[in-house]
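A.B. asks: what follows is a predicted structure for the sequence shown.
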2 protein chains.
Amino acid sequence: MTPATVPTREKLLDAAEELVQTRGYNAFSFRDLAKRVGIRAASVHHYFPSKADLGRRLMDRYRRSFGEALEAISSGARDPRRRLEKFVGLFRETLRRGDRLCMCGMLATEYATLPAGIRTEVRRFYGDSEAWLTDVFNEGRRTGRLRFAGKPAAAARTFFGALEGAMIAARAFGDERRLASAGQWLVQALKTTA
Amino acid sequence: MTPATVPTREKLLDAAEELVQTRGYNAFSFRDLAKRVGIRAASVHHYFPSKADLGRRLMDRYRRSFGEALEAISSGARDPRRRLEKFVGLFRETLRRGDRLCMCGMLATEYATLPAGIRTEVRRFYGDSEAWLTDVFNEGRRTGRLRFAGKPAAAARTFFGALEGAMIAARAFGDERRLASAGQWLVQALKTTA
DNA sequence: GACTACCTACCTACTGGTAGGTAGGTTGTC
DNA sequence: GACAACCTACCTACCAGTAGGTAGGTAGTC
């Protein structure tokens, strides 16, 4: 139940989200943002004192929203393989929705230029995602539905990073199948590896 | 035999390379660049008419240099597994040398904001790398040293993207082992997958 | 009267890029 | 050997445009 009139603050976060996911944190300005929402650049400061603050809150919201999506997968699918496929589906959906990258992957690439507050949020996102995947891999190994070498946490990190990388390449080539194919390949490898 | 005095043009490319790999194309200026080399920003235009031109030539040089590294691996190691390990070694070395990312991964993330000439070079880099890896995977399957499902080209793309993604995460966490571990995991998976 | 949600007007710092100049070297002609 | 013509490798000074951010005002709501 979203309200009929979206509050300006949410509109700003929505517009900033799209700009960060497509262009990156360093490649959008308050003027870009304001134009999309229909207010003046100076007015954005009424909601977010600085760009760093906006970025931090944006990443925080994104992480929470992603966390909810993961919970939905957990309660919707019991099978570890199925959960991984749905996880891949989240990335595919993001890419399809206007050639967006995962915000976490985008910001991690810009890491060296980011304010401290945003850096913390980026790492937190990695932490949350990898923790969820580690649970899936643990469960998969326990039930024999997934087979892989090494620690579940290492598999989780590799899996997550591989999707981020595939997403970046897929967008550069304008070919969503690159991401789908990588997802399939990874899940396949996790079924059959000793 | 490098000359005792490195020509300014090369110094500029070297400095730009480091800036792009650490901060990104959108996060460095001609002034940053000029300061590092010890000349004025306007003088950079004497060597490179525009930033887009600099970026294009930079990526071109990087691709050629990477290509030479791949040739060196090919002639130094015959075993497909060993070649993959050395390929991973290239990425680890880059990360260790001043927290640099692969320039291709960095620019692909900034893809939406790049001039056409640079975009072309980025895709060319993907093409070259994936072609080399595809050869390795073909050879690996033929000799039975590598085992994986699907087409070699799909495995190559996934492998390459996974390393790019792992590298990005490794730098954000200031933990090179994240990259090493992902590399090991992937090669391991490629030994034993049916 | 206080608060929210904006606005105009403006600031300083910086962006990529240009115009025009200069010091010093090389090449060609007589 | 003298001198013009041209080159490379920079320089200072400047341009329009944009960055993030600030000060202070206004119209409407509780």
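C.D. replies: Now that the structure is in, tell me what you want to look at. Numbers count the residues shown, from 1 in each chain, chains lettered A, B, ... in the order given.
A.B. asks: stretch A:118-128: which residues count as buried?
C.D. replies: Applying a neighbour-count criterion of 16 or more other Cβ atoms under 10 Å in any protein chain shown, one finds A:118, A:119, A:121, A:122, A:123, A:125, A:126, A:128 buried in stretch A:118-128. Yep, even glycine has a C-beta here, placed from its N, CA and C like the rest.
A.B. asks: kindly report the same for stretch A:34-44.
C.D. replies: Buried residues in stretch A:34-44, defined by neighbour count with 16+ other Cβ under 10 Å: A:34, A:36, A:37, A:39, A:44.
A.B. asks: ok, stretch A:71-84 next?
C.D. replies: Of the residues in stretch A:71-84, those scored as buried under the neighbour-count criterion (16+ other Cβ under 10 Å) are A:73, A:77, A:80, A:81, A:83, A:84.
A.B. asks: the fifth one reaches residue A:74, doesn't it?
C.D. replies: Meaning residue A:83. Yes - using Cβ atoms under 8 Å, residue A:83 makes contact with residue A:74 at a distance of 7.0 Å.
A.B. asks: so which of the buried residues of stretch A:118-128 reach chain B?
C.D. replies: When the buried residues of stretch A:118-128 are checked against chain B using Cβ under 8 Å from any Cβ of the partner chain, the ones in range are A:119, A:122, A:123, A:126.
A.B. asks: which of these fall within helices?
C.D. replies: A:119, A:122, A:123, A:126 (DSSP state H).
A.B. asks: keeping just the C-alphas, turn the strand or helix carrying residue A:185 into CSV.
C.D. replies: Residue A:185 is part of helix A:177-192, with elements assigned from DSSP states H and E. Provided in CSV are the C-alpha atoms of helix A:177-192 (Å, rounded to 0.1, in the frame of the first residue of the first chain):
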residue,chain,number,x,y,z
ARG,A,177,21.9,-13.4,-21.0
ARG,A,178,25.5,-13.0,-19.8
LEU,A,179,24.2,-12.6,-16.3
ALA,A,180,21.7,-15.4,-16.6
SER,A,181,24.3,-17.7,-18.1
ALA,A,182,26.7,-17.0,-15.3
GLY,A,183,24.0,-17.7,-12.7
GLN,A,184,23.2,-21.0,-14.3
TRP,A,185,26.8,-22.0,-14.6
LEU,A,186,27.4,-21.3,-10.9
VAL,A,187,24.4,-23.1,-9.7
GLN,A,188,25.2,-26.0,-11.9
ALA,A,189,28.8,-26.1,-10.6
LEU,A,190,27.4,-26.2,-7.1
LYS,A,191,25.2,-29.2,-7.8
THR,A,192,28.0,-31.4,-9.1
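A.B. asks: which strands or helices does that helix pack on?
C.D. replies: In this structure, helix A:177-192 packs against helix A:80-96, helix A:152-172, helix B:152-172, with contacts taken as 3 or more Cβ pairs under 8 Å, 6 or more residues apart in numbering or on different chains; DSSP states H and E.
A.B. asks: tell me the pLDDT of the residue nearest the centre of chain A.
C.D. replies: Compute the mean C-alpha point of chain A, and by Cα atoms, centre = their mean the closest residue is residue A:102, 3.7 Å away. In this prediction, residue A:102 carries a pLDDT score of 98.
A.B. asks: what's near enough to touch it?
C.D. replies: Shown here is residue A:102, whose contacts under the criterion Cβ atoms under 8 Å, 6 or more residues apart in numbering or on different chains are A:21, A:91, A:94, A:163, A:164, A:167.
A.B. asks: can you list the residues you listed in TSV and add distance to chain B?
C.D. replies: Below are the contacts of residue A:102 laid out as TSV (distance: Cβ to the nearest Cβ, whole Å):
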residue	distance to chain B
A:21	9
A:91	11
A:94	14
A:163	7
A:164	4
A:167	8
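A.B. asks: where does chain A dip in pLDDT?
C.D. replies: In the predicted model of chain A, residues A:1-4, A:193-194 satisfy pLDDT under 70.
A.B. asks: nearest to chain B: which residue in chain A?
C.D. replies: residue A:165 (3.0 Å; Cβ to the nearest Cβ).
A.B. asks: is that residue in contact with residue B:159, as I believe?
C.D. replies: No - distance between residue A:165 and residue B:159: 9.6 Å, which falls outside the contact criterion (Cβ under 8 Å).
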